[in-house]
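Participant: Sharing a model that was predicted from the sequence below.
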Amino acid sequence: MLLGIDIGGTKCALVIGNLNDKTEIDIIDKRVLSTDRPVYEMIELIFQTAEILLAENHSSTDQLSGIGISCGGPLSSKKGLILSPPNLPGWNEVPIVEMATQRFNTTVTLQNDANACAIAEWKYGAGRGFENVIFLTFGTGMGAGLILNGSLYSGTSDFAGEVGHLRLSEMGPVGFGKSGSFEGWASGGGIAQLAQIKVRERLQVGEQISFCNSLDDLPKLTAKTVAEAAHSGDELAIDIYNTCAEYLGRGLSLLIDILNPEVIIIGSIYGRARSLLDKRMMQVIEREAYIGAREVCKIVPAGLGENIGDLAALSLAVVSKYD
């Protein structure tokens, strides 16, 4: 039996599953908790809920073969510490691995959420069978998990893969605390910012916008609302996604040139808006990336769909079995 714990700023998910012949992870059951308590009260609730979840499924902590904990960074996978993630106020140097090991007496693995998703996609999703894989979150933000030469690469201090911090232009939407960053141009938050800029320009000269009626509605703009308008043929919405695709292509070109991957797997927004992004993105890659690297690299959507967060945590529970 495997236990996965996915710790987020608004909710935590606990998932139990089984490894099926090392080819698939079967999800057995799941509980979701609001992250609404002080840190150590929250951890105790997580542990208690895990024990209840196991008991309800006719299992016990003695039958656990591993626990995987996925959490937003920063963290130290080597020391087993959660280190003050911005979406988890008060979670300062939390020894989560030590606490879980003492409570459940089994192997515990901690990784940031992008690395966990990279492992899940590599072993059970669109990266299966490849040795050099990049996974990009492309959700609210833009982070990456790197599988290089058949192993997770997390860097000296667990900051490898923070591609959202790369600056792609001097000015532009803000992401990862930096204007013009990869995350600023290519993320849910960045698309919303870009939409606000472009829509404001049109509204202030009296144009009508199909997906935003007034300046007061600008804060309501999201990547999803813009995508829906683009799919309906709205020219401004299409232009917004073309701009995102331009910088997505630039960012991918850098990764292709530096890391020479076999496959880049892109999650979340890319899977839902691929038809709005691919043409311009590939044009940029063909223009910018070295031919010998780009020709051997596939770019595909995540294969695990809406279950990726659950399978990411569970994948960490078995990652040691692949070493």
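Facilitator: Great, that's in hand.
Participant: From residue 97, how far out is the residue most central in space within the chain?
Facilitator: The centre of the chain sits closest to residue 137, judged by C-alpha atoms, centre = their mean, with a distance of 3.2 Å. Applying C-beta to C-beta, to the nearest Å, the value for residue 137 to residue 97 is 23 Å. Placement of C-beta: from N, CA and C, glycine included.
Participant: Same check on residue 154?
Facilitator: 15 Å.
Participant: same question, residue 314
Facilitator: In terms of C-beta to C-beta, residue 314 sits 16 Å off from residue 97.
Participant: neighbour-wise, which of the two wins?
Facilitator: Remark: of residue 314 and residue 97, residue 314 carries more neighbours, 32 against 22, as counted by other C-beta atoms under 10 Å.
Participant: ok so that one is a strand residue?
Facilitator: No: according to DSSP: H, G, I helix; E, B strand; the rest coil, residue 314 belongs to no strand; its state is helix.
Participant: for residue 278, what are its contacts?
Facilitator: residue 245 (C-beta atoms under 8 Å, 6 or more residues apart in numbering).
Participant: May I have the strand or helix carrying it exported as PDB, CA atoms only?
Facilitator: Assessed by DSSP states H and E, residue 278 sits inside helix 269-288. What follows is helix 269-288, C-alpha atoms only, in PDB (Å, rounded to 0.1, in the frame of the first residue of the first chain):
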ATOM      1  CA  ILE A 269      -3.200  25.200 -19.700                       C
ATOM      2  CA  TYR A 270      -1.300  23.700 -22.600                       C
ATOM      3  CA  GLY A 271      -3.500  20.600 -22.600                       C
ATOM      4  CA  ARG A 272      -6.700  22.700 -22.700                       C
ATOM      5  CA  ALA A 273      -5.400  25.400 -25.100                       C
ATOM      6  CA  ARG A 274      -3.000  23.500 -27.400                       C
ATOM      7  CA  SER A 275      -4.800  24.500 -30.500                       C
ATOM      8  CA  LEU A 276      -4.300  28.200 -29.600                       C
ATOM      9  CA  LEU A 277      -0.600  27.800 -28.900                       C
ATOM     10  CA  ASP A 278       1.000  25.200 -31.100                       C
ATOM     11  CA  LYS A 279       1.300  27.000 -34.400                       C
ATOM     12  CA  ARG A 280       3.100  30.100 -33.100                       C
ATOM     13  CA  MET A 281       5.100  28.100 -30.500                       C
ATOM     14  CA  MET A 282       6.500  25.800 -33.100                       C
ATOM     15  CA  GLN A 283       7.300  28.600 -35.500                       C
ATOM     16  CA  VAL A 284       9.400  30.200 -32.700                       C
ATOM     17  CA  ILE A 285      11.100  26.900 -31.900                       C
ATOM     18  CA  GLU A 286      12.000  26.400 -35.500                       C
ATOM     19  CA  ARG A 287      13.500  29.900 -35.600                       C
ATOM     20  CA  GLU A 288      15.300  29.800 -32.300                       C
END
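Participant: buried sites along it?
Facilitator: 269, 270, 271, 273, 276, 277, 280, 281, 284, 285, 288 (16 or more other C-beta atoms under 10 Å).
Participant: Now do the helices in the stretch 51-200 of the chain.
Facilitator: 96-104, 113-124, 182-185, 188-203 (DSSP state H, counting those that start in this stretch).
Participant: now these in JSON lines, with distance to residue 25 and mean pLDDT?
Facilitator: Listed next are those as JSON lines, based on distance: least, C-beta to C-beta, whole Å; pLDDT from 0 to 100:
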{"stretch": "helix 96-104", "distance to residue 25": "19", "mean pLDDT": "96"}
{"stretch": "helix 113-124", "distance to residue 25": "6", "mean pLDDT": "95"}
{"stretch": "helix 182-185", "distance to residue 25": "29", "mean pLDDT": "96"}
{"stretch": "helix 188-203", "distance to residue 25": "27", "mean pLDDT": "96"}
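Participant: would you list those in TSV and tack on distance to residue 252?
Facilitator: Shown next, in TSV, are those (distance: least, C-beta to C-beta, whole Å):
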stretch	distance to residue 252
helix 96-104	33
helix 113-124	16
helix 182-185	9
helix 188-203	15
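Participant: For residue 175, find the nearest of the ones you listed.
Facilitator: Nearest to residue 175, of all those, is helix 182-185, at 2.9 Å by C-beta to C-beta.
Participant: and the closest one, what other elements does it pack with?
Facilitator: Applying 3 or more C-beta pairs under 8 Å, 6 or more residues apart in numbering; DSSP states H and E, we find helix 182-185 packed against strand 174-175, helix 188-203, helix 235-259.
Participant: quick one: which of these is nearest residue 16?
Facilitator: Using C-beta to C-beta, the helices and strands packed on helix 182-185 put helix 188-203 closest to residue 16, at 29.8 Å.
Participant: and the helix or strand that comes right after that closest one, average pLDDT?
Facilitator: Next helix or strand after helix 188-203 toward the C-terminus (DSSP H and E): helix 223-231. What helix 223-231 shows for mean pLDDT is 97.
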